[in-house]
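Q: everything below, folded, please.
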Amino acid sequence: MKKQLLLFCSVASVTLASAQCSELFFSKYVCASGNDKAVEIYNPTANTITLTGTYQVSMYDNGATSPSVSHPLIGTIASGATFVFCNGQVTIDSVFPAPPSTPYATYPCDTALQNHAQQLDSAHFYAFSYFNGDDALTLDKNISGNWTTVDIFACIGEWPISSTGSHVGWWNSSPYNNATTGHSWTKYHTLQRKSTVKQGVTQNPAPGSWNVSVEWDSLPNKTFPTGSHSCACISGVEEFTNDIFVNVFPNPVNSGIINIAAVLPVKQIQIYNLIGKLVYEEKMNSSAPWISVNVPNLAPGAYILKSSFGENKGHISKLMVQ
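A: Here you go, the predicted model:
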């Protein structure tokens, strides 16, 4: 599984000369029990971004200084939308490590979590989504033929230790590993990126210095991605915020009629499928804060509804169609 080694200094010092809200970044990290593992990626920009051929995710296993495994991402992410990459195992998988280690079985990922994903990882060990709380992750972008890190989760090259001093650890909030507390933030937790974060981490932190609580909020063990992310980014067109009350009903939609009630007049709606394709768009002339739209040709499934209010304000809602 080993790939050609890269100099750690070249990985650690990678920086992307970009402004806030102009590049993809991790928005959720799911490290539940077993193989219930996933990452969510958020698009803070004003444009739909193509992943295929341009982006990959990498995992640095047990303090590795170069990627232990990388996986290309496929599809697109609409402006203000998210993309979930999830463990793809669906059956019990027998693993036969090198002697003297003994064989063991790994168990399937929860199908409920897989149903939230736009892309599944390999169905067998060993792959990106077999991280277990003590592995660093990166989101990488192909720039002129070179993979450049645009976001780092945790610390590349650090293998946190447990409260007993063994290398079966994870990262914590303070102190920054669990050596003295036995408490974990990155194992058996879901983490949500804070809404104030507007760009990824491109400078690898010094070992022992990464405080997970600075940019991440801790959620219960198995909290699945919702298909949206709250972010303070101003993408150049709109600021997406949950401060604007929006009620979409009925939801799920079963008649083609979508009603949207908000505290501000809705100027435009856009509906995207979960691979980021724009499937419906309509501009509104009404000054009323309540509109009714007939969208009869949407296939059953999950969608992202983007409501725009003018004055550079917008809101993202999850829309279900039956």
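
Q: for the stretch 101-250 of the chain, what are the low-confidence residue spans?
A: Residues of the stretch 101-250 of the chain that meet the criterion pLDDT under 70 lie in 162-169, 174-183, 234-243.

Q: quick test: name the residue nearest the centre of this structure.
A: The chain has Glu40 as the residue nearest its centroid, 1.4 Å off, counting by CA atoms, centre = their mean.

Q: my guess is that one meets Phe25, correct?
A: No - in this structure Glu40 lies outside contact range of Phe25 using CB atoms under 8 Å: 10.1 Å. From N, CA and C alone the C-beta is placed, and that goes for glycine too.

Q: let me see the ranges of the strands in the stretch 151-300 of the chain.
A: Taking DSSP state E, counting those that start in this stretch, the strands of the stretch 151-300 of the chain run over residues 189-193, 216-219, 239-240, 246-249, 257-262, 268-273, 278-283, 290-294.

Q: redo the ones you listed as JSON lines? Include distance to Ala64 and mean neighbour count.
A: Converted to JSON lines, the strands of the stretch 151-300 of the chain look like this (distance: least, CB to CB, whole Å; neighbours: other CB atoms under 10 Å):
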{"stretch": "strand 189-193", "distance to Ala64": "21", "mean neighbour count": "21"}
{"stretch": "strand 216-219", "distance to Ala64": "22", "mean neighbour count": "17"}
{"stretch": "strand 239-240", "distance to Ala64": "36", "mean neighbour count": "22"}
{"stretch": "strand 246-249", "distance to Ala64": "44", "mean neighbour count": "15"}
{"stretch": "strand 257-262", "distance to Ala64": "48", "mean neighbour count": "17"}
{"stretch": "strand 268-273", "distance to Ala64": "36", "mean neighbour count": "20"}
{"stretch": "strand 278-283", "distance to Ala64": "39", "mean neighbour count": "13"}
{"stretch": "strand 290-294", "distance to Ala64": "50", "mean neighbour count": "13"}
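
Q: quick check: Val86 vs Gln322, distance?
A: Let me fix one detail, which is that residue 86 is Cys and not Val. In this structure, Cys86 lies at 24 Å from Gln322, with CB to CB, to the nearest Å as the measure.

Q: next: Val246.
A: Taken as CB to CB, the spacing of Val246 relative to Gln322 amounts to 20 Å.

Q: domains for this protein, by residue range?
A: Using automatic domain parsing, the domains assigned to the chain come out as 8-219, 239-321.

Q: in the sheet, which residues pair with Asn142? Tell me.
A: Beta-bridge partners for Asn142, by DSSP bridges, are Trp147.

Q: how near is it to Pro67?
A: Counting by CB to CB, the gap from Asn142 to Pro67 is 14 Å.

Q: these two: who's more crowded?
A: Set side by side, Asn142 and Pro67 show more neighbours around Pro67, with 27 against 13, by other CB atoms under 10 Å.

Q: I'd say that one and Asp135 touch.
A: No - between Pro67 and Asp135 there is no contact under CB under 8 Å: 10.8 Å.

Q: what about the residue nearest to the centre of the chain, which helix or strand?
A: Secondary-structure element containing Glu40, defined by DSSP states H and E: strand 37-42.

Q: what helices and strands are in contact with that strand?
A: Secondary-structure packing of strand 37-42 (3 or more CB pairs under 8 Å, 6 or more residues apart in numbering; DSSP states H and E): strand 25-31, strand 82-86.

Q: name the residues of the shortest one that are buried.
A: Of the residues in strand 82-86, those buried by neighbour count under the rule 16 or more other CB atoms under 10 Å are Thr82, Phe83, Val84, Phe85, Cys86.
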